[in-house]
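have a look; sequence and predicted model below, questions after that.
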Amino acid sequence: MGKQRLMLDRLVRASVDVWVTLAEFCNVLTTVNQLEVPLYKDLDDDLTLLVLEEDRLLSGFIPLLATPQDPCYMEKTSDKVIAADCKRVTVLKYFLEALCGQEEPLLAFKAGKYVSVAPVPDTMGKEMGSQEGKQLEDQDEDVVLEAFQEDSEPEGSGAEYDIKELRAKKQVLSRKVAEQQRRQEKIQAVLEDQMRHIELEISPLFLVPDTNGFIDHLPSLLRLLDSRHYILVVPLIVINELDGLAKGQESDCRAGGHSRLVQEKAKMAVESLEQRFEGRDPFLRALTSRGNELESIAFRSEDTTGQKGNNDDLILSCCLHYCKDKAKDFMPTTKDEPIRLRREVVLLTDDRNLRVKALTHHVPVRDIAAFLKWAKVG
């Protein structure tokens, strides 16, 4: 019976879709708050280097991405164990973005969740659910049954019951394979229908930075503004976030260190924006989450009650304000032609989650350093 049980275990394992399971894990991972302990890119007096044990022993993801990782720092008073887990979640989320961005993606981010778009091989290297794969599975099962019959015990010993049990389990596996194949075909059909052959024609005119852009790259944003080639669009939610960071908390001021540095940078950003808006800079705009443009930010409170999503979604909605897609303008004349979308807006952010959201809505996105290099500004 040991041989037959081993063959049955192999059949059971063949029904597991690794990529579907990974997609389910990814959806659970997106609910994890990796910002519980803040991590920083730049060294400061109150920060210390954070190195994961797996990075020290195995070089982390370097063999896969073929690139060294940037150093990561944490506050000296933070919990090292939680900080390490936060970094692991951050790296894993970046890895998920890489899987979605491949030429032949294994995962896709659709309708707010990850789904598997990878072919599901069986133990013989054939695609699960295909006619040939099913025939091979039937042949393997027949071999199992024949081998069992040859080595079976005398009648009445329970061998007949074991054969019936194997056949019943085979039927269950076959139904699972067929259902899995139908689900995979539906997902693929949706992806091909909604994301097939989309080409973006990007002519940057409107640049939308997120809050961290003003904190970490204020001089670069001012250089882009002074170039007079682009219109800098500041979402009102970003200005409100900068106001909150500039005010800070009394406890943060007493603690000093990185929190105080962020507060000072936020104050500089707010002062620069106020000065530019007071001067009526024609290349600077403020935009509410509902798409209303403001000439002044003297009164900049915004009621976001009833709006769906978090602050990242509100920033993305400002980008979508400049994505006016009319079907008659971009739909191809023939079935085989690609869908061409014209974009004059670029989202500037280093946030990986926001980048994934932007790409799923066909919004061009770049980090500020890369855009500066492309634009040859500064």
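Right, received. Where do you want to start? Numbering: from 1, shown residues only.

report how many residues lie close to the residue nearest to Leu207 when sequence neighbours are not counted.
Leaving aside its sequence neighbours, Leu207 sits nearest to Tyr230 (C-beta to C-beta, 6 or more residues apart in numbering; 5.0 Å). Yep, even glycine has a C-beta here, placed from its N, CA and C like the rest. Residues lying near Tyr230 (other C-beta atoms under 10 Å) number 18.

kindly provide the distance from Tyr230 to Glu337.
For Tyr230, the distance to Glu337 equals 31 Å [C-beta to C-beta, to the nearest Å].

Val262 too?
49 Å.

same deal with Ala108?
23 Å.

likewise for Asp79?
From Asp79 to Glu337 the distance is 55 Å (C-beta to C-beta).

contacting residues around the host helix or strand of Val262?
Assigned by DSSP states H and E, Val262 belongs to helix 257-278. Residues outside helix 257-278 that contact it (C-beta atoms under 8 Å, 6 or more residues apart in numbering): 38, 40, 44-47, 75, 214-216, 218, 222, 225, 234, 239, 242-243, 245-248, 252-253, 284, 286, 295-297.

list the buried residues of stretch 45-53.
Neighbour counts over stretch 45-53 (16 or more other C-beta atoms under 10 Å) mark 46-47, 50, 52 as buried.

end to end, how far does it reach?
23 Å (C-alpha to C-alpha, to the nearest Å).

now it: average pLDDT?
Per-residue pLDDT over stretch 45-53 has a mean of 83.

if we can go back for a sec, who has more neighbours, Val262 and Glu337?
The neighbour comparison of Val262 against Glu337 (other C-beta under 10 Å) goes to Val262, with 19 against 11.

where does that one land on pLDDT?
With respect to pLDDT, Val262 scores 90.

what does Pro235 give?
Looking at Pro235, its pLDDT is 92.

before we move on, what about Ile239?
What the model reports as pLDDT for Ile239 is 92.

so how many other residues sit close to it?
Neighbour count for Ile239, taken as other C-beta under 10 Å: 23.

over to Pro204?
Neighbour number of Pro204 under other C-beta under 10 Å is 18.

and the longest strand seen in the chain, which residues are buried?
In the chain, assigned by DSSP state E, the strand with the most residues is strand 198-209. Neighbour-count burial for strand 198-209, counted by 16+ other C-beta under 10 Å, picks out 204, 206-209.

so what does the helix or strand just after that strand touch, helix or strand wise?
Under the assignment DSSP H and E, the closest C-terminal helix or strand after strand 198-209 is helix 211-216. Counting contacts by 3 or more C-beta pairs under 8 Å, 6 or more residues apart in numbering; DSSP states H and E, helix 211-216 packs against helix 236-247, helix 257-278.

which of the ones you listed is buried the deepest?
Of all those, helix 236-247 has the most neighbours on average by mean count of other C-beta atoms under 10 Å, namely a mean of 19.

which outside residues touch that helix?
Here helix 236-247 makes contact (C-beta under 8 Å, 6+ apart) with 209-211, 214-215, 262-263, 266-267, 269-270, 273, 286-289, 294, 297, 300-302, 304, 311, 314-315.

and Val32, what does it touch?
Contact partners of Val32, counting by C-beta under 8 Å, 6+ apart, are Val89.

for the closest residue in space to Pro204 that isn't next to it in sequence, report the pLDDT, please.
Leaving out its chain neighbours, the residue that sits closest to Pro204 by C-beta to C-beta, 6+ apart is Val346, at 4.9 Å. You'll see Val346 listed with a pLDDT of 94.

Phe371 - how many residues pack around it?
22.

residues contacting it?
204, 207, 224, 346, 348.

out of those residues, which is nearest to Gln34?
Nearest to Gln34 out of these is Leu348 (C-beta to C-beta; 21.6 Å).

tell me if I'm right that the closest one and Asp210 touch.
Yes: using C-beta atoms under 8 Å, Leu348 is in contact with Asp210, at 7.1 Å.

show me where the stretch 251-378 of the chain has strands.
Assigned by DSSP state E, counting those that start in this stretch, the stretch 251-378 of the chain shows strands spanning 284-287, 293-294, 339-348, 365-366.

among those, which comes closest to Val172?
Closest among the strands of the stretch 251-378 of the chain, using C-beta to C-beta: strand 339-348, at 41.9 Å.

nearest to Gln34, out of the helices and strands packed on helix 211-216?
For the helices and strands packed on helix 211-216, the distance to Gln34 is smallest for helix 257-278, at 17.5 Å, taking C-beta to C-beta.
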